[in-house]
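Undergrad: sharing a model that was predicted from the sequence below.
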Amino acid sequence: MARRARTRGRDQHQLPPGRHGLPRAFVVANQRERILSAVGDVASVAGYSDMTVEGVIVTAGVSRRTFYEHFKNKDDAFLAAFHAALEQLFAAVRDAYRREQRAEARLSAALAAFLDFFAREPGFARMCIVEALAAGPEAVERRNAAMATFARVLDENARKLDSPLEPPELTAETIVGGIYEVVYTRVLRGEIRELPALLPDLTYLALLPYLGPEAAAAERRRLLDSQQAA
């Protein structure tokens, strides 16, 4: 579901016309991937309410018949694209988290992966962060479930921190909700590419209730130094 470059009117993932001898399973998977990517493109530009099947099939380079072989309607396609984007996001965050040993570094690495993913995929950022709220109750439910998963990971990681502080049970949920709102505002302002620059401050705020200001500030300085050296 990676975003795709255009080449002389034919997408580089688009199959050649006519007989190509490719396995049916490959053709079906290719068509589905192009449709899902097109959903992200169209939803990010037009908005969910103005997204149409026609816009998706033109962007994907598939026929209307092919679209309906994969999806019932635009709602079905949007939910599938949203789910696929979340799976990619979770995989990136999980891999970054598992590479680190220190609890502080695990949190900052996971948060960096979250911000970097959307900075690389601005269409998906708009789709997941903004347009999902307009796509009906099932999309909102999936969005809320994703936020709950991130809060649970944050809470589990916080238990591994060597800290005498005992923040309230709502702390992780509040932190994740606050990060979401900060990212939501930047996406609306068109500042998606600048999301990774938020990492030091967001990490500080996420660690503050668990470690206190001194340790949280130390991790913030480490991240700032790393960004300046890059």
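TA: Here it is on my side, so go on.

Undergrad: now do the helices in the protein.
TA: Assigned by DSSP state H, the chain shows helices spanning 24-46, 53-60, 64-70, 74-99, 103-120, 122-125, 137-158, 171-188, 199-211, 213-229.

Undergrad: using a markdown table, please lay out these together with mean neighbour count, distance to L165 and mean pLDDT.
TA: Just so you know, the C-beta spots here come from the backbone N, C-alpha and C atoms, and that holds for glycine as well. Shown next, in a markdown table, are those (neighbours: other C-beta atoms under 10 Å; distance: least, C-beta to C-beta, whole Å; pLDDT from 0 to 100):
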| stretch | mean neighbour count | distance to L165 | mean pLDDT |
| --- | --- | --- | --- |
| helix 24-46 | 19 | 40 | 88 |
| helix 53-60 | 19 | 49 | 95 |
| helix 64-70 | 14 | 50 | 95 |
| helix 74-99 | 18 | 22 | 95 |
| helix 103-120 | 21 | 13 | 94 |
| helix 122-125 | 24 | 33 | 89 |
| helix 137-158 | 16 | 9 | 93 |
| helix 171-188 | 17 | 10 | 96 |
| helix 199-211 | 21 | 6 | 95 |
| helix 213-229 | 14 | 10 | 93 |
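
Undergrad: list the residues that contact the residue nearest the centre of the chain.
TA: Geometric centre of the chain, nearest residue: L89, 4.7 Å, by C-alpha atoms, centre = their mean. By C-beta atoms under 8 Å, 6 or more residues apart in numbering, the contact set of L89 is F114, F117, F118, C128, A146.

Undergrad: what number of residues lie near the fourth one?
TA: The burial metric for C128, expressed as a neighbour count using other C-beta atoms under 10 Å, is 26.

Undergrad: hang on, isn't it packed against A84?
TA: No: using C-beta atoms under 8 Å, C128 is not in contact with A84, being 10.5 Å away.

Undergrad: phi, psi of L170?
TA: Torsion angles at L170 (phi, psi; degrees, to the nearest 10) stand at phi -80, psi 0.

Undergrad: any idea how far it is from N157?
TA: 16 Å (C-beta to C-beta, to the nearest Å).

Undergrad: any chance you could list what contacts stretch 118-130?
TA: Outside stretch 118-130, the residues that reach it (C-beta under 8 Å, 6+ apart) are 2-3, 39-41, 43-45, 78, 81-82, 85-86, 88-89, 117, 143, 180, 183-184, 187-188, 192-196.

Undergrad: if we use 7 Å, what do you get?
TA: 3, 40-41, 43-44, 81-82, 85-86, 183-184, 187-188, 192-193, 195-196 (C-beta atoms under 7 Å, 6 or more residues apart in numbering).

Undergrad: which residues touch the closest residue to I175 other than its chain neighbours?
TA: Excluding the flanking residues, the one nearest I175 by C-beta to C-beta, 6 or more residues apart in numbering is A206, at 5.1 Å. Contacts for A206 (C-beta under 7 Å, 6+ apart) come out as L107, L111, L154, I175.
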